[in-house]
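[1] Predicted coordinates and the sequence they were generated for:
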Amino acid sequence: MSDLSTLQQSAYRIRRYALRMGEVQGQGYIGQALGWADVLAVAYKHAMAYEPKDPTWEGRDRFLLSHGHYAIAFYAALIEAGIVPEEELETYGSDDSRLPMSGMATYTPGMEMSGGSLGQGLPIAVGMALGLRLKKSHAFVYNSMSDGELDEGSTWEAAMGAAHHHLSNLICLVDINNQQADGPSGKIMGFEPLADKWAAFGWHVQRVDGNNLPAVIAAFDAARALHEDKPRVILFDTLMGKGVPFLETRDKNHFIRVDPPEWQQAIAHVDSTQTEGAL
């Protein structure tokens with residue numbers, strides 16, 4: 001458990017680590033990393049059970065990165081959690097790095113699945129949750145996914161299966177940033193009323209501002225403490241590029257190429273926000 005101030009600092013560092021990795025390659029899914037940082041901070045510094053020095057500890061909570069292109073955000077969280085050394089961020093996306101540009105379980109400690117083909121995380125999470133229940137484990141399975149994955153039939157088949165099996169050890173985290181590679185998510189495939197749809201599938205549903213840390217903390221706590229025998233989903237509305245004004249307003253920010261001077265400007269924006277919060 002961590003207090004609000006500690007989690008604010010963790011979210012700040014996750015954003016900063018992600019920007020530093022983005023600077024290494026000059027491009028990346030940095031908008032998603034900035035928007036998802038608050039959720040990752042709460043997951044790794046408040047909610048989840050894990051051993052930084054033993055990422056395969058049997059008693060750990062499992063965190064599945066279904067949206068494998070969010071790897072830059074996830075690596076930043078792993079660095080913040082002490083699972084990956086900070087100095088490795090300089091190798092991001094390089095040959096022989098443990099931090100490839102898309103999530104690969106065979107490379108990265110703490111990475112539970114190889115992501116990239118969207119819509120696969122929730123089916124895998126259902127299988128893991130069933131397996132852990134058979135083992136009588138108290139661990140939770142978290143599935144982190146994008147709103148674009150709501151387009152995939154496999155997501156909804158898994159959602160039905162999770163409710164059918166009463167998987168109360170499964171918590172799905174959905175990033176609703178309304179951005180896909182081809183345009184706004186809601187225009188590619190409309191998914192509202194989203195909370196009603198998950199509820200109709202038999203899930204306990206919460207929808208909160210994913211960049212409001214107190215709301216994120218409360219949602220995680222409520223999902224874990226729920227006594228109902230059903231899976232839980234938290235729908236997080238987030239802002240792409242959160243914390244860096246010129247990235248927040250960029251029209252096409254699914255995959256960003258940033259001019260060299262802008263990386264340091266972005267880091268300076270994040271640093272100034274942290275300084276202001278400390279005053």
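    Arrived safely.
[2] correct me, but Pro245 touches Ala266?
    No: Pro245 is not in contact with Ala266 according to Cβ atoms under 8 Å; the separation is 9.5 Å. In short, each C-beta sits where N, CA and C put it, glycine included.
[3] okay, those two: which has more neighbours?
    More neighbours surround Ala266 than the other of Pro245 and Ala266, with 26 against 13 (other Cβ atoms under 10 Å).
[4] helix or strand for that one, which one?
    helix 260-278 (DSSP states H and E).
[5] Could you list the buried residues of that helix?
    Using 16 or more other Cβ atoms under 10 Å as the test for burial, helix 260-278 gives 262-263, 266-267, 269-270, 273-274.
[6] Hmm, Ala215 and Val39 touching each other?
    No: if you go by Cβ under 8 Å, Val39 and Ala215 don't touch, sitting 10.6 Å apart.
[7] Just give me the neighbour total for Glu228.
    Glu228 is flanked by 10 other residues according to other Cβ under 10 Å.
[8] Retrieve the pLDDT associated with it.
    pLDDT for Glu228: 95.
[9] So it is in contact with Trp203, correct?
    No: look at Glu228 against Trp203 with Cβ under 8 Å: they stay out of range, at 9.9 Å.
[10] ok, Thr273 - contacts?
    12, 243 (Cβ atoms under 8 Å, 6 or more residues apart in numbering).
[11] ok, it to Ala266 distance?
    11 Å (Cβ to Cβ, to the nearest Å).
[12] Met48: neighbour count?
    Counted with other Cβ under 10 Å, Met48 comes out at 18.
[13] Look up how far Asp61 lies from it.
    4 Å.
[14] Kindly report the same for Gln179.
    Per Cβ to Cβ, Gln179 is found 28 Å from Asp61.
[15] more neighbours, those two?
    The neighbour comparison of Gln179 against Asp61 (other Cβ under 10 Å) goes to Gln179, with 25 against 20.
[16] Just the pLDDT at that one, thanks.
    Confidence score, pLDDT, at Gln179: 79.
[17] Just flag the most distant two among the buried residues of helix 260-278.
    Farthest-apart pair in the buried residues of helix 260-278 is Glu262 and Gln274; separation 18.8 Å (Cβ to Cβ).
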